[in-house]
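Undergrad: coordinates only, sequence not included:
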């Protein structure tokens, strides 16, 4: 289970399954009305407290989240994939995404995993900047059919990752 933390006036922690409907609404708002896939809904309903980080404001409303799952290519090596990170527009540019990255690094390091991967399109400089602030590095560049490359990022984990989210 992801241990709760605070960042400024926000509470950050693992998904409470009762919050999944609100996360789905936020997901649709951030993903152009696309709903969370059925297999992800089941995964997070069952394992959300360990695989989905939620940020709530003072009133308890979910304002950001980061989803994780194991890809076949990384599972045996203890590598988990950050599938999506998003923050509601009115809460952006205050460090929430970076705080979620830091909490996930601490959580998955403590769980004994070896790395976190993520994919970020080159045309998302804010996402790339947040990941780089948490020591993700570019492992591979994947050319896009639309001319915009996707960067495959990796963050190695070890015992030195045990830091509080605000550090």
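TA: Sure thing, it's come through. Computed from a predicted structure; not experimentally measured.
Undergrad: from here on, contacts and neighbour counts on C-alpha atoms
TA: Fine.
Undergrad: how about the contacts made by residue 4?
TA: Under the criterion of Cα atoms under 8 Å, 6 or more residues apart in numbering, the contact list for residue 4 reads 11, 12, 13, 14.
Undergrad: now render those as TSV, adding neighbour count, distance to residue 107 and pLDDT.
TA: Shown next, in TSV, are these (neighbours: other Cα atoms under 10 Å; distance: Cα to Cα, whole Å; pLDDT from 0 to 100):
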residue	neighbour count	distance to residue 107	pLDDT
11	16	15	97
12	25	12	97
13	22	10	96
14	23	10	96
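Undergrad: now do the same contact list for residue 129.
TA: Per Cα under 8 Å, 6+ apart, neighbours of residue 129: none.
Undergrad: can you pull the pLDDT of it?
TA: On the pLDDT scale, residue 129 is placed at 92.
Undergrad: also the one 3 residues further on?
TA: Reading off the confidence values, residue 132 has pLDDT 93.
Undergrad: phi, psi for the most centrally placed residue in the chain please.
TA: What sits nearest the mean C-alpha location of the chain, by Cα atoms, centre = their mean, is residue 66, with 2.8 Å. In terms of degrees, to the nearest 10, the main-chain angles of residue 66 are phi -130, psi 130.
Undergrad: what sits against the residue nearest to it when sequence neighbours are not counted?
TA: In this structure, residue 66 finds its nearest non-sequential neighbour in residue 85, 4.2 Å apart by Cα to Cα, 6 or more residues apart in numbering. By Cα under 8 Å, 6+ apart, residue 85 lies in contact with 64, 65, 66, 67, 97.
Undergrad: and if you look at residue 154?
TA: With Cα under 8 Å, 6+ apart, residue 154 has these contacts: 115, 116, 117, 118, 136, 137, 138, 139.
Undergrad: what's the farthest-apart pair in these?
TA: The two members of those with the most space between them (Cα to Cα) are 115 and 138, at 13.1 Å.
Undergrad: contacting residues for residue 79?
TA: Counted by Cα under 8 Å, 6+ apart, residue 79 has contacts 70, 113, 114, 115, 116, 117.
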